[in-house]
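Engineer: Below are the sequence and a predicted model for it; my questions follow.
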Amino acid sequence: MFVNIKRLSSPVSVVAQLWGLSYLVSRGSYMDPDVLFRVVDVSGVLANGLIGATLARALGYDIIGFLTLGIVTALGGGMIRDSLLGIGFPVALTDPWYLAGAIGASVLAYLIPLDGRWARRALSVADVLALGCWSATGASKGLAAGLAPIPSIFLGVITATAGGLLRDVIVHRTPAIFGSNPLYATFSIIAAGIMTVFQSHGSYELGMALAILVCLVFGLAARRFNWVLPVRAMDLSRPIRRHGTKIKNLRLRSQRKLSKSESHSVKSSHSEPHSSAS
């Protein structure tokens with residue numbers, strides 16, 4: 001099975017193509033899973049490098065700003081993950097494709113403005129593909145290093161989202177994953193969880209494919225229909241406070257009635273001797 005690039009013009013066709021690839025991966029036929037995942041991984045580096053550098057263009061940065069935002073966005077999460085694991089040099093420094101891809105994407109965004117409709121769509125598709133791949137990769141590396149499932153999921157989320165978070169902090173902008181934006185980190189948690197479950201049961205390839213597929217389908221849907229988490233924090237103590245206020249008001253009313261009755265009884269006791277003397 002080969003991917004027909006000309007048919008990847010809509011999210012539906014992308015989903016169909018990737019579903020076919022995930023089926024082949026799960027059956028272990030026609031295609032080396034490592035090749036597929038590496039293609040998705042490197043394409044995610046390129047896409048995030050372009051996304052970071054595109055922000056540099058919007059902010060009017062020079063070429064150093066392009067390179068900084070592009071490299072941080074594309075490689076920041078993976079480098080933090082590898083540094084936390086402490087099992088050697090970060091992959092971004094040992095595999096030439098990663099650093100070269102991030103630099104190349106940054107230079108491309110510096111030379112060519114990528115603000116067209118189809119360019120934005122292509123970057124969105126590559127971004128959600130990388131979200132699933134990086135979330136699953138981080139969780140997989142955590143499990144391989146001997147970590148428990150929850151820390152492994154945490155590593156997966158860091159791998160997928162820390163680069164964009166660092167990019168936003170550098171430009172003094174509230175990180176996009178903190179709210180009021182389409183769901184992103186939520187799907188990273190789900191993808192990392194899927195990978196953790198499947199790898200724990202010996203199904204690495206199927207877990208990786210499903211993680212990528214879930215992020216692709218729901219990530220594109222979240223951007224299309226603007227799915228967001230509630231931006232207001234919940235206040236479960238509010239009913240209790242209301243109940244406490246009602247009790248306080250009842251106490252004040254009862255105290256007022258009691259004070260009125262006492263003052264009335266005092267007045268009546270003072271008026272009784274005058275009436276008897278008359």
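Structural biologist: Sure thing, it's come through. Numbers count the residues shown, from 1 in each chain.

Engineer: going forward, measure contacts and count neighbours with C-alpha atoms only.
Structural biologist: OK.

Engineer: Show the pLDDT at the residue lying closest to Y204 once chain neighbours are set aside.
Structural biologist: Of all residues not flanking Y204 in the chain, F198 sits nearest, at 6.2 Å (C-alpha to C-alpha, 6 or more residues apart in numbering). F198 is assigned a pLDDT of 96 by the prediction.

Engineer: F198 sits in which helix or strand?
Structural biologist: helix 185-200 (DSSP states H and E).

Engineer: Counting by contacts, list what that helix packs against.
Structural biologist: If you count contacts as 3 or more C-alpha pairs under 8 Å, 6 or more residues apart in numbering; DSSP states H and E, helix 185-200 packs onto helix 117-144, helix 149-170, helix 204-225.

Engineer: check contacts around the residue nearest to Y204.
Structural biologist: By C-alpha atoms under 8 Å, 6 or more residues apart in numbering, the contact list for F198 reads 204, 206-207.

Engineer: quick revisit: between helix 149-170 and the helix holding F198, find me the angle.
Structural biologist: Helix 185-200 and helix 149-170 are oriented at 150 degrees to each other (axes from the mean of the first three to the mean of the last three C-alpha atoms, to 10 degrees).

Engineer: Dump the C-alpha coordinates for helix 185-200 into CSV.
Structural biologist: Taking Å, rounded to 0.1, in the frame of the first residue of the first chain, the C-alpha atoms of helix 185-200 are listed here in CSV:
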residue,chain,number,x,y,z
ALA,A,185,-3.0,18.6,25.6
THR,A,186,-6.1,16.6,26.4
PHE,A,187,-5.6,14.5,23.3
SER,A,188,-1.9,14.1,24.2
ILE,A,189,-2.9,12.6,27.5
ILE,A,190,-5.3,10.2,25.8
ALA,A,191,-2.7,9.2,23.1
ALA,A,192,0.0,8.6,25.8
GLY,A,193,-2.5,6.5,27.8
ILE,A,194,-3.3,4.4,24.7
MET,A,195,0.4,3.8,24.1
THR,A,196,1.0,2.9,27.7
VAL,A,197,-1.8,0.3,27.7
PHE,A,198,-0.9,-1.3,24.4
GLN,A,199,2.8,-1.4,25.0
SER,A,200,2.3,-2.9,28.4
